[in-house]
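>>> make a model of this:
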Amino acid sequence: MLNKLAASELVLNDDGSVYHLNLLPEDIADKIILVGDPDRVAKVSNYFDTVEIKKNKREFYTHTGTLRGERITVMSTGIGTENIDIVMNELDALVNIDLQNKEFKTEHKALELFRMGTCGSVNPDVQVDNMLVTQNVVGLDGLMHFYQDYEFENEFSKNFLEKFPYAKIKPMLYFSDWSEDMGEYYKDAKYHGNTATFPGFYAPQGRQLRLKALDDKFLETLNELGVTNFEMETSAIYALSKLLGHKAITVNNVIANRRRGEFSADHHASEKNLINWVLERIIK
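Numbers count the residues shown, from 1 in each chain. As a prediction, this is how the structure comes out:
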């Protein structure tokens, strides 16, 4: 690969900021909280002691400030792994590419990325309104098959691939896992488990309105293959972090148990609890 990047490859705004995130290198901290909902960014930064940066473009909102003397960023990604593809590549560009000269830096910087969200559970034993940390993840969206050099295999992935019964979906699967040393931040979470990242909210998650889903037993089958919960971003965050040399961990507040038909009685209170729980642990 050539060291000099073409203007069509690394697209910048007029002020030199990365195209979608609208950020300059000095706008982000080394610790970054990733949330899906743009409205959640301010809910998180309200707990900061100071806020020095507030920028946004499209669904990507970023606030950077300090908490207990440490610099920290919170950023919204929007929904889905296609947005994570943008976020991860542009965050990496901010710290590992000289944007002015469009050249790779000689020294690599690793970011710490904390995905903070909500999820549904496919395990009937998981109770709602509790924290669940993702150790292993399977992506059903196919994103990583567009990247060279990505390979990942462990016991979870081997077992899952061997027994996964849906032939049309199987070629899209890819796997990853957490940055284990970051697990220390969340060692007291009630649950640690295996997550499925879906490419949609309706049929991919077994919901049926006017259109029929692939299989009424899809979520039950995933649980039998070792999946604990599901959401729409973590597989791309974990896999791209590995390729790009960053560290990542996801914690979700379980707001629904699909197998039991339960939903959080007050998901707004659950969201507030999640924010407090994360901030108390990642910055002491």
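>>> mind listing the helices for this protein?
Counting by DSSP state H, residue ranges of the helices within the chain are 38-45, 81-96, 155-163, 218-224, 234-244, 267-282.
>>> reformat those helices as CSV; add mean pLDDT, distance to D15 and mean neighbour count.
Yep, even glycine has a C-beta here, placed from its N, CA and C like the rest. Rendered in CSV, the data for those read as follows (pLDDT from 0 to 100; distance: least, CB to CB, whole Å; neighbours: other CB atoms under 10 Å):
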stretch, mean pLDDT, distance to D15, mean neighbour count
helix 38-45, 98, 21, 18
helix 81-96, 98, 14, 20
helix 155-163, 98, 42, 14
helix 218-224, 96, 45, 18
helix 234-244, 98, 24, 25
helix 267-282, 95, 30, 17
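>>> closest one to C119 among those?
Nearest to C119 among those is helix 234-244; the distance by CB to CB comes to 8.9 Å.
>>> and that closest one, what does it pack against?
Under the contact criterion of 3 or more CB pairs under 8 Å, 6 or more residues apart in numbering; DSSP states H and E, the helices and strands touching helix 234-244 comprise helix 81-96, strand 112-121, strand 131-139, strand 174-177, strand 191-197, strand 247-257.
>>> model confidence over the third one, on average?
Summarised as a single mean, pLDDT over strand 131-139 is 98.
>>> okay, that strand in PDB with CA atoms only?
In PDB, the C-alpha atoms belonging to strand 131-139 read as follows (Å, rounded to 0.1, in the frame of the first residue of the first chain):
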ATOM      1  CA  MET A 131     -25.500  -4.900  32.700                       C
ATOM      2  CA  LEU A 132     -24.200  -7.400  30.200                       C
ATOM      3  CA  VAL A 133     -20.600  -7.200  28.900                       C
ATOM      4  CA  THR A 134     -19.900  -8.700  25.500                       C
ATOM      5  CA  GLN A 135     -17.000 -11.200  25.400                       C
ATOM      6  CA  ASN A 136     -17.500 -12.900  22.100                       C
ATOM      7  CA  VAL A 137     -19.600 -11.600  19.200                       C
ATOM      8  CA  VAL A 138     -20.900 -12.900  15.900                       C
ATOM      9  CA  GLY A 139     -21.700 -10.400  13.100                       C
END
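>>> just checking, what packs against it?
Applying 3+ CB pairs under 8 Å, 6+ apart, we find strand 131-139 packed against helix 155-163, strand 174-177, strand 191-197, helix 234-244, strand 247-257.
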